[in-house]
Structure formats: structure tokens, C-alpha cells
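A.B. asks: sequence unavailable; structure follows:
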């Protein structure tokens, strides 16, 4: 898993390209965190491109980062899942950040 955390500033195009290439070359989950309530529209387009290319982003906004331990445990256990925990969190956060229809279209529904 490879992570990128930002405050309220957007990722630069160079950062996005470097992360995309690293994920493509390694097959790693790409975790993105922001202290903002939501990701920017540009970030969401970038994440959509990652999913379309077969990469697995984990998208954590302020509400994910500020959850209590118990709330985080419940978030991951609301779904029946037999795969990797990282894959579950990727699917859940893609669905939440990019929308249910997008997740279904790309085979990420639960």
C-alpha cells in the first residue's frame, strides 16, 4: 500500500502522474487522505482514471480520519467480505467518494 496525504491543497499534476505510475508498476493499493471534508472535483477525476486503469485507490477524507476506533471497525464490518481488508476499504471508499453507480459500473459494488 502506498499513501499520499495532503492538507487542504490539491495534488500537483506531477505528483498525480508519479503516483499513478508507481501504482501501475507495483500493483499496490494507492491510499489518498485529505483533511478536507471531500476531495476536489479534479481529484475525483484522477481517482476515476485510476479505477478505470485497474488500480485500487483507498480514498480517506476528514470523516474517515476522524472516526473513532469503534466506528472504523463498524464501517469495515457492515459488509460480508471474504477478501483482503484493503480491498474492502478500497471498494467502500470508492463507492462513497465516486458514487454507487460508478462503483457498480467498474465491478466494485458489494
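C.D. replies: Nice, I can see it. Only a predicted model underlies this, so the values are computations on that prediction, with no experimental measurement involved.
A.B. asks: and residue 104, how far is that from residue 24?
C.D. replies: 24 Å (C-beta to C-beta, to the nearest Å). Every residue, glycine included, has its C-beta placed from N, CA and C.
A.B. asks: before we move on, what about residue 16?
C.D. replies: 12 Å.
A.B. asks: same check on residue 30?
C.D. replies: Counting by C-beta to C-beta, the gap from residue 30 to residue 24 is 10 Å.
A.B. asks: next: residue 15.
C.D. replies: Distance from residue 15 to residue 24, by C-beta to C-beta: 15 Å.
A.B. asks: and the strands in this protein, which stretches?
C.D. replies: 2-6, 30-34, 57-60 (DSSP state E).
A.B. asks: partner strands of the shortest one, parallel or antiparallel?
C.D. replies: In the sheet containing strand 57-60, its partner strands are strand 30-34 (parallel), by DSSP bridges.
A.B. asks: on that earlier part again, most tightly packed of the strands of the chain?
C.D. replies: strand 57-60 (a mean of 23; mean count of other C-beta atoms under 10 Å).
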